[in-house]
Each structure stands twice: as C-alpha cells, then as structure tokens.
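Asker: Return atomic coordinates for the entry below.
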Amino acid sequence: MIEKELTIKNRAGIHARPAALIVQIANKFNSQIYFEKDSERINGKSIMGIITLGAGYNTKLKVIAEGTDEEEAVNTIAKLFENRFEEE
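Answerer: Numbering: from 1, shown residues only. Model (predicted):
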C-alpha cells in the first residue's frame, strides 16, 4: 500500500471535469485507489464519490493505492494534481 498527500492547486477545485479525469486515469490501473479527506474515504474510481468530497482550492487529500501497480497509480494521479488537471 502506498499513500501520498496531495494539494488541490487549481482555483475551481475538483468539479465534474477534474473528477472525470481522475476516474479515467484511476481506471487504467489494477490497484484499488482511494481518496481521503478528513475522515472520509471514497473509491478513486467513482466519479460521484470524488465529486461528493467537495474538495476546493488548497484542500489537502490523501491518495491511497493498493495492488500490483500501486506506485505507478499514485505517481500518475499526483502528476495530474500537480498539473492542475490541465485547466490552468
């Protein structure tokens, strides 16, 4: 299991488009992927779960992956966050 803390850097936070990108990327991996905000944990392959986190600008999330390609999954998702979901 690998986990990493991420910060949302795009001004609009996670809305429908970034959530769709996250799910699209997460579904490329065999590993189970989760996001945690405060004490809430959601499935990283669920668009509704991601949207319901209500994660805005500067929110800190933890991404957790467990499986055969967990390291690649976390690194790829972290890169998406660093690139501000290709919005800015």
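
Asker: Show me the shaky parts of this structure.
Answerer: The chain contains residues with pLDDT under 70 at 88.

Asker: can you give me the strands for it?
Answerer: 2-7, 32-37, 40-43, 60-66 (DSSP state E).

Asker: want to try TSV for these, with distance to A78 and mean neighbour count as columns?
Answerer: (Each C-beta comes from the backbone N, C-alpha and C, glycine too.) Output for the strands of the chain, formatted as TSV (distance: least, C-beta to C-beta, whole Å; neighbours: other C-beta atoms under 10 Å):
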stretch	distance to A78	mean neighbour count
strand 2-7	6	14
strand 32-37	12	19
strand 40-43	17	14
strand 60-66	7	18
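
Asker: Export those strands as a markdown table, with columns for distance to L53.
Answerer: As requested, the strands of the chain are arranged in a markdown table below (distance: least, C-beta to C-beta, whole Å):
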| stretch | distance to L53 |
| --- | --- |
| strand 2-7 | 12 |
| strand 32-37 | 5 |
| strand 40-43 | 6 |
| strand 60-66 | 7 |
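
Asker: Compare those strands and report which one is nearest to N75.
Answerer: Of all those, it is strand 2-7 that lies closest to N75, at 8.3 Å by C-beta to C-beta.

Asker: between the strands of the chain, which gets nearest to E72?
Answerer: Closest among the strands of the chain, using C-beta to C-beta: strand 60-66, at 8.6 Å.

Asker: what's next to the closest one, contact-wise?
Answerer: Strand 60-66 is contacted from outside by 1-8, 29, 31-37, 41, 44, 53, 55, 71, 73-74, 77-78, using C-beta atoms under 8 Å, 6 or more residues apart in numbering.

Asker: Now G67: phi and psi?
Answerer: phi 150, psi -170 (degrees, to the nearest 10).

Asker: For it, which non-adjacent residue is closest in space?
Answerer: S31 (2.9 Å; C-beta to C-beta, 6 or more residues apart in numbering).
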